[in-house]
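K.L.:
Sequence first, then the predicted structure, then my questions.
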Amino acid sequence: MDNHLVNLDWSGMEVLGDDECRHLLDAAPIGRLGFVDQGSPVILPVNFTLDGRSIVFRSAAARIDEWPLAAAASAA
């Protein structure tokens with residue numbers, strides 16, 4: 001029997017610690033960025049790298065100023 005305690009959020013999804021997240025990101029060749037745009041989920045593939053404590057990513061958006069996440073970030 002596995003005695004590993006799992007931290008779950010309100011929806012039942014496992015919450016990973018910072019070190020585990022960074023370990024998984026370090027081994028991933030591509031990422032997925034998910035957000036909600038006009039009430040619908042959007043998931044985009046992204047190239048990324050770790051830069052210290054930051055995750056730096058890019059996407060193949062035609063014009064970044066038209067990308068919904070860019071608008072959300074600039075409004076924050």
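P.N.:
Good, I have the coordinates.
K.L.:
neighbours around residue 25, how many?
P.N.:
13 (other C-beta atoms under 10 Å). The C-beta positions use only the backbone N, C-alpha and C, and glycine is treated the same way.
K.L.:
Check the contact between it and residue 46; I expect there is one.
P.N.:
No. Counting by C-beta atoms under 8 Å, residue 46 is not a contact partner of residue 25; they are 11.4 Å apart.
K.L.:
so what sits against both of the two?
P.N.:
Common neighbours of residue 25 and residue 46, counting by C-beta atoms under 8 Å, 6 or more residues apart in numbering, are residue 31.
K.L.:
Who are the packing partners of the single longest strand found in the chain?
P.N.:
As assigned by DSSP state E, the longest strand anywhere in the chain is strand 40-51. Strand 40-51 sits against helix 18-27, strand 31-37, strand 54-58, with contacts defined as 3 or more C-beta pairs under 8 Å, 6 or more residues apart in numbering; DSSP states H and E.
K.L.:
Can you list the buried residues in it?
P.N.:
Within strand 40-51, the residues that qualify as buried are 44, 48, counting by 16 or more other C-beta atoms under 10 Å.
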